[in-house]
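Trainee: Starting from these lines, generate the structure:
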Amino acid sequence: MSTAPPPAARWARYVALGDSMTEGLWDLDPATPEIPRGWADLLARRLAERRDGPLEYANLAVRGRLLREIVAEQLPVALEMRADLVSLVGGGNDLLRPGADPDALAALLEESVARVRATGADVLLATGMDALTSPVVRATRPRVAVFNAHLWTIARRHGAHVLDVWGMRSLKDWRMWAEDRIHLSTEGHERVAQGALVALGLGAETAGWDDPLEPLPPARGRSGCART
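Mentor: Numbering: from 1, shown residues only. Have a look, this model is predicted:
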């Protein structure tokens with residue numbers, strides 16, 4: 001097993017933009033139980049641990065926000081803060097609506113990515129999740145798939161990083177989700193943070209964690225049999 005140190009994080013100022021997925025719900029840090037904790041907060045901790053100097057971090061995400069609201073309210077603040085890494089994860093609330101237009105959302109996302117990249121900052125995007133097994137949001141799957149296809153093209157065109165939430169097989173395990181089946185649990189946030197490290201080229205932390213794309217081992221009931 002290699003003992004080489006993990007790659008260093010080069011960013012000094014990280015700003016997270018988005019909705020409830022990034023803000024974090026149903027997952028509270030014992031040290032600050034009044035503040036929700038999301039995957040971006042966990043990612044910021046990992047980035048700070050991999051830097052020689054301090055990391056400045058702000059999570060501007062607000063639950064319920066549509067993509068246009070994220071762009072209008074949060075993006076200008078990130079630009080004013082002169083972030084050198086911006087995670088921009090939105091559109092999920094839009095795509096829950098039956099009349100949502102993934103093509104129009106993608107056009108707005110691309111404009112936003114171009115604005116950030118023009119400053120020289122790196123951008124981290126995230127695909128929508130695959131809702132095949134979700135009885136609540138399964139109907140959004142075709143719209144999310146179209147949006148994801150656009151997102152990969154946008155990333156290639158502008159040199160952005162992509163957190164492949166759609167491809168995370170571990171998220172098909174309900175232990176990764178809170179009781180509302182819409183927001184992530186503590187384990188889910190941890191897995192997504194690990195996936196973000198991979199997307200940024202830093203590699204997942206292997207101590208206690210397998211590939212973040214891999215599913216969890218089967219849960220076992222009292223009889224010792226795996227539950228399905």
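
Trainee: Give the buried residues for stretch 42-57.
Mentor: Going by neighbour count (16 or more other CB atoms under 10 Å), the buried part of stretch 42-57 is 42-44, 46-48, 50, 55-57. Quick note: C-beta positions are derived from backbone N, CA and C, even for glycine.

Trainee: now do stretch 149-158
Mentor: By neighbour count, with 16+ other CB under 10 Å as the criterion, the buried positions of stretch 149-158 are 150-151, 154-155.

Trainee: Thought Ser87 was touching Val116, still the case?
Mentor: No - checked against CB atoms under 8 Å, the pair Val116 and Ser87 is beyond contact range at 10.2 Å.

Trainee: So what does the residue most central in space within the chain look like in phi/psi?
Mentor: Note on the chain: the residue nearest the mean C-alpha position is Ala126, at 5.4 Å, using CA atoms, centre = their mean. The phi and psi torsions at Ala126 (degrees, to the nearest 10) take the values phi -140, psi 130.

Trainee: Which positions are bridged to it in the beta structure?
Mentor: Note on Ala126: beta-bridge partners Leu163, judged by DSSP bridges.

Trainee: Mind checking which of the buried residues of stretch 42-57 are in strands?
Mentor: When these are checked against strands (DSSP state E), the matches are 56-57.

Trainee: could the buried residues of stretch 42-57 be laid out in CSV, adding pLDDT and distance to Arg191?
Mentor: CSV is the format used below for these (pLDDT from 0 to 100; distance: CB to CB, whole Å):
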residue, pLDDT, distance to Arg191
Leu42, 90, 10
Leu43, 94, 12
Ala44, 95, 16
Arg46, 92, 13
Leu47, 95, 17
Ala48, 94, 19
Arg50, 91, 19
Leu55, 95, 22
Glu56, 96, 25
Tyr57, 96, 20
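
Trainee: Now the two most distant members of the buried residues of stretch 42-57.
Mentor: Leu42 and Glu56 (16.7 Å; CB to CB).

Trainee: hang on, Val141 packs against Asp130?
Mentor: Quick fix: residue 141 reads Arg, not Val. Yes - Arg141 is in contact with Asp130 according to CB under 8 Å; the separation is 7.0 Å.
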